[in-house]
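**Q** below are the sequence and a predicted model for it; my questions follow.
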Amino acid sequence: MFVIDCTQKHFGGDECELLHSVDIDDVKGFPCAVSKDSVLYGVKVIPLQTEYPLDDKHPALMEARVLKELTQSKCTPHITRYISDHVVKNSSKALTCFPLKFLKNVIYHKCQVLQSEFIENGSLEDNHHEIGEAEWRYIIFAVVWSLYVLQEKYKFIHYDLHYGNILLDTTDSKGITYTHGDFRFFCDPPGGLMPKLWDFEFTELHSLGWKNPFNQRLDGVAPVGQFDPRLDLHFFINSLGELSDMPQVIQDFVFSLYPSEEADLLDDNDSGDDAFSEVSSCSGSSQCSQCSSCGVTNAYLYHGHIRKEALDLFGDIMWTPEQLLRHSFFDIYRLP
């Protein structure tokens, strides 16, 4: 297994490619693909922001800790595999090609470098228009199952689980058995599809006492410091409502999970208004209650977190992963 070397150009690989442009005004990290002997590896360079203490609870360091723990636990096959992580000086040879000098007033002199497997097929966001009913059903099952077992072991909260953070890998497996508690399922991954969760920069593992300092900034806006099994699933299911080209069976399932009055809010109607944003994502806003990208005031989500008023309005009808696994939608996988 190739492990990156931050003292070398291209992290010791043959080439290093930045996967997409990065807004240097938003210190989130630089996602790259590093090739070594024709094999690609994912590398994420994450500057350490000075607004947080430089300790092992720094949000940039938490992501690697979480991914390593989830990979080693093997609770679910639907986790992007951790390989290595490194805290290195910004002057390291591998980092000289990144525009870190423009961030010098807001970052420490070190970066976190996280290495993982590279998923060449990209995300659900990239591929949703090409996915059929069988694949969709399995993707949703994989996410719900993973949330269930991770919540059972860790009281896990991802805090940013939407279709863009579901990567679509492949597998040669002809069948996977899923067992936990009184659940028993068997799935033959359609077309060799293997969905995997990714992007754990906001994640908390409450059973281990791992709480992310980033989330503490949202106290008063979203539930902070407490575990709620409904949050991630609600955020994920609602994000799917933005994808208008889902097969009808899948779309019907997604909208059946909510009473008609809330489904009206979720429906992406022909009026051109982004009504769905009111219960889905508010990606344009990280500072106030009005989303600069969609214009929705008092959006129910704030930087991937469900607002407290959403729990008051819809809490009684939000599903937990355990409840949803009992839904007839997944009977096709259920073992007697």
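**A** Happy to help now that I have it. Numbering: from 1, shown residues only.
**Q** state the helix or strand in which the closest residue to residue 322 other than its chain neighbours lies.
**A** Nearest in space to residue 322, with sequence neighbours left out and distances taken as C-beta to C-beta, 6 or more residues apart in numbering, is residue 148 at 5.5 Å. Where C-beta positions appear, they are placed from N, C-alpha and C, glycine not excepted. Element membership for residue 148 (DSSP states H and E) is helix 133-154.
**Q** so what does that helix touch, helix or strand wise?
**A** helix 59-73, strand 166-170, strand 176-180, strand 183-187, strand 193-197, helix 231-240, helix 248-256, helix 321-325 (3 or more C-beta pairs under 8 Å, 6 or more residues apart in numbering; DSSP states H and E).
**Q** among the ones you listed, which is nearest residue 37?
**A** When the helices and strands packed on helix 133-154 are compared by C-beta to C-beta, strand 166-170 sits nearest residue 37, at 20.0 Å.
**Q** shaky segments in the stretch 201-336 of the chain?
**A** Low-confidence segments of the stretch 201-336 of the chain, defined by pLDDT under 70, span residues 217-225, 259-315.
**Q** so what touches stretch 97-107?
**A** Among residues not part of stretch 97-107, those counted as contacts by C-beta atoms under 8 Å, 6 or more residues apart in numbering are 16, 24, 27, 30, 45, 47-51, 90, 111.
**Q** try it again at 10 Å.
**A** Counting by C-beta atoms under 10 Å, 6 or more residues apart in numbering, the neighbours of stretch 97-107 from elsewhere in the structure are 9-10, 16, 18, 22, 24-25, 27, 29-30, 32, 45-51, 60, 90-91, 109, 111.
**Q** filter those residues down to the buried ones.
**A** 10, 16, 22, 24, 27, 29-30, 32, 45-49, 60, 90, 111 (16 or more other C-beta atoms under 10 Å).
**Q** which of these fall in helices?
**A** Secondary structure assignment (DSSP state H) places residue 60 from the buried ones among the contacts of stretch 97-107 within helices.
**Q** buried set for stretch 135-144?
**A** Taking 16+ other C-beta under 10 Å as the neighbour-count basis, stretch 135-144 is seen to contain the buried residues 135-144.
**Q** could you do stretch 78-90 as well?
**A** Neighbour count says stretch 78-90 has 78-88, 90 buried, by 16+ other C-beta under 10 Å.
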